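**Student:** just a sequence and a predicted model for now, questions to come.
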Amino acid sequence: MNYIKRNYNGIEVNDYTTTSMNTGFRNFIQQLCLKNYSTLEGRIEFSKMISGSNSKVPFFVSDDILLVPTHSFRNYKCILINLFNIQDYYRINDKIRVVFKNSQKLDIDVRINTIKNQLKKANVLVEYIVKRKCLHDGLINRFYYENLV
């Protein structure tokens, strides 16, 4: 998934193609989170705790989806961009163009500093998870080897 945004029918979800769905923004994301054993609220609270931020908090949905909001979640203009699918971003006129790994492009009405700050917040979460996973894997390996003997 590249991004999720609101449209006149409900939401627009972009992966390799763009699909419009007649559902609410928050409801769709909640369903994605529930498929991965947690609630949206739980994931946002976790992100706030780790990032130390209270506004426009990026959050994990799954191992391959970390959604980064461009605006406040309640703002109609909010687009949730999957960090793991971003290839590049740059300013084009008065907008920011995000280029995804599948070469699709999305123009967003935000400042470049907003995107940079949001990506920094998201990277704090990624670093935390990577460190925790390394520690977790080390504990599992140690437990496995200690109990084999």
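**Tutor:** Received the coordinates, thanks. Numbers count the residues shown, from 1 in each chain.
**Student:** quick one, helices of the chain?
**Tutor:** Taking DSSP state H as the test, the helices found in the chain are 25-35, 40-51, 112-148.
**Student:** quick one: which of those is nearest L83?
**Tutor:** Minimum separation from L83 across the helices of the chain (Cβ to Cβ) falls at helix 112-148, 4.7 Å. Heads up, the C-betas are built off the backbone N, CA and C, glycines and all.
**Student:** export stretch 118-129 as PDB, just CAs?
**Tutor:** Provided in PDB are the C-alpha atoms of stretch 118-129 (Å, rounded to 0.1, in the frame of the first residue of the first chain):
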ATOM      1  CA  GLN A 118       7.000  13.500   9.700                       C
ATOM      2  CA  LEU A 119       9.600  11.200   8.200                       C
ATOM      3  CA  LYS A 120      11.900  11.900  11.200                       C
ATOM      4  CA  LYS A 121       9.200  10.800  13.600                       C
ATOM      5  CA  ALA A 122       8.600   7.700  11.600                       C
ATOM      6  CA  ASN A 123      12.300   6.800  11.600                       C
ATOM      7  CA  VAL A 124      12.300   7.000  15.400                       C
ATOM      8  CA  LEU A 125       9.700   4.300  15.400                       C
ATOM      9  CA  VAL A 126      11.600   2.200  12.900                       C
ATOM     10  CA  GLU A 127      14.800   2.500  14.900                       C
ATOM     11  CA  TYR A 128      13.000   1.500  18.100                       C
ATOM     12  CA  ILE A 129      11.500  -1.600  16.400                       C
END
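**Student:** mind listing what's buried in that stretch?
**Tutor:** Buried residues in stretch 118-129, counted by 16 or more other Cβ atoms under 10 Å: Q118, L119, K121, A122, V124, L125.
**Student:** now do the contacts for the last one.
**Tutor:** Contact partners of L125, counting by Cβ atoms under 8 Å, 6 or more residues apart in numbering, are S47, I50, S51, P58, F59, F60, L66.
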